[in-house]
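Asker: need a structure here:
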Amino acid sequence: MKQTILFLCLLFLSCNTKNESQELKNKSLTEQKSDKIKVLNFGTFHFGYTPDANKTEFDEHSDDAQKEIREISKMLAEFKPTIICIENLPKFNDEINKAYQEFLNTPSTLNTNYGESSMIGFDVGRLSNVKKIYGIDNHMGYNYSVGDFIENSPDHENAIDSKTYLQLTNEPFKEYPEMAKREANYDKLSLLEKLKLINEPIHLDYSINTNADKLLYVGIDDGFEGADNAAIFYHRNMKIYSNLNRIPMTKKDRVFIIMGAAHTAFLREFMRRSPKFEMVNTLEYLK
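Answerer: Here you go, the predicted model:
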């Protein structure tokens with residue numbers, strides 16, 4: 001009997017020790033997570049001119065659009081960023097910040113010269129009292145259409161996997177019917193609803209698939225035409241992430257990034273594994 005009681009006591013102490021150990025581990029992970037630099041990684045479509053294959057029709061000069069943008073900027077400014085990064089080349093930072101300072105002096109009219117970067121980026125900066133805007137983009141030559149060219153060419157045959165490529169092209173949300181329904185109704189959505197959709201995790205995955213990963217299913221003979229172009233787009237986004245890491249910042253900083261959704265999606269993947277950054281839930285700020 002005494003042996004049984006002793007065994008139960010040891011078992012209880014062992015379980016209690018394990019629970020305390022797990023609690024300490026969880027606490028340590030929480031502290032580590034909270035010690036990272038907070039990032040609001042915000043994806044959008046391009047408001048003005050874009051060389052992208054897909055373009056959203058949007059009149060950034062209309063009174064209604066400007067009003068919507070002002071309201072969205074207020075929502076995003078609730079994040080209280082100290083650093084703002086936009087889809088622009090770092091070499092134009094002086095030009096960008098000159099335009100930003102001019103906007104701060106006359107904020108009654110949104111600056112449309114840099115599309116969403118200046119319309120939302122500048123206004124969020126104004127509302128948050130941010131002193132400087134940083135461009136983190138990098139340009140590289142990239143053929144978005146190589147997969148379609150191979151699939152539609154009478155002289156070439158896709159030697160890898162036409163079925164998957166065409167599904168990703170024609171039915172990208174086949175496994176997500178609710179998302180497919182929202183996407184089909186995209187043009188009728190308000191600006192806020194469009195941005196909510198774009199920043200859904202499933203939609204961000206789609207942005208990587210449609211801009212890069214679906215090219216991994218196309219190639220001529222034993223070639224890697226699709227993969228080679230996908231690699232360029234991956235490389236571009238790696239350089240964008242490197243540009244982000246060039247910016248001096250401390251753990252007290254809060255970083256707001258506004259870029260095209262495909263870049264947002266790639267940055268999400270890099271930061272998700274980063275010991276440096278912790279992303280907040282973008283959708284929590286779009287209400």
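Asker: so which residues of the stretch 51-200 of the chain form helices?
Answerer: 63-77, 93-105, 116-119, 121-128, 146-152, 162-170, 177-184, 191-198 (DSSP state H, counting those that start in this stretch).
Asker: looking at those helices, spot the one closest to Leu267.
Answerer: Smallest distance to Leu267 across the helices of the stretch 51-200 of the chain (Cβ to Cβ): 13.9 Å, for helix 191-198. Backbone N, C-alpha and C define where each C-beta goes, glycine included.
Asker: which helices and strands does the closest one pack with?
Answerer: On a contact count with 3 or more Cβ pairs under 8 Å, 6 or more residues apart in numbering; DSSP states H and E, helix 191-198 meets strand 37-44, helix 63-77.
Asker: that older thread, most tightly surrounded among the helices of the stretch 51-200 of the chain?
Answerer: helix 116-119 (a mean of 25; mean count of other Cβ atoms under 10 Å).
Asker: can I get that helix in PDB, CA atoms only?
Answerer: Only the C-alpha atoms of helix 116-119 are listed here, as PDB (Å, rounded to 0.1, in the frame of the first residue of the first chain):
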ATOM      1  CA  GLU A 116      -1.700  53.500 -53.500                       C
ATOM      2  CA  SER A 117       1.900  54.200 -52.200                       C
ATOM      3  CA  SER A 118       1.100  57.900 -51.800                       C
ATOM      4  CA  MET A 119      -2.600  57.800 -51.400                       C
END
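Asker: distance from that helix to the middle of the chain?
Answerer: Chain-centre distance of helix 116-119: 16 Å, with Cα atoms, centre = their mean, to the nearest Å.
Asker: other residues contacting that helix?
Answerer: 44-48, 60, 66, 69, 86-88, 96, 99-100, 103, 110-112, 258 (Cβ atoms under 8 Å, 6 or more residues apart in numbering).
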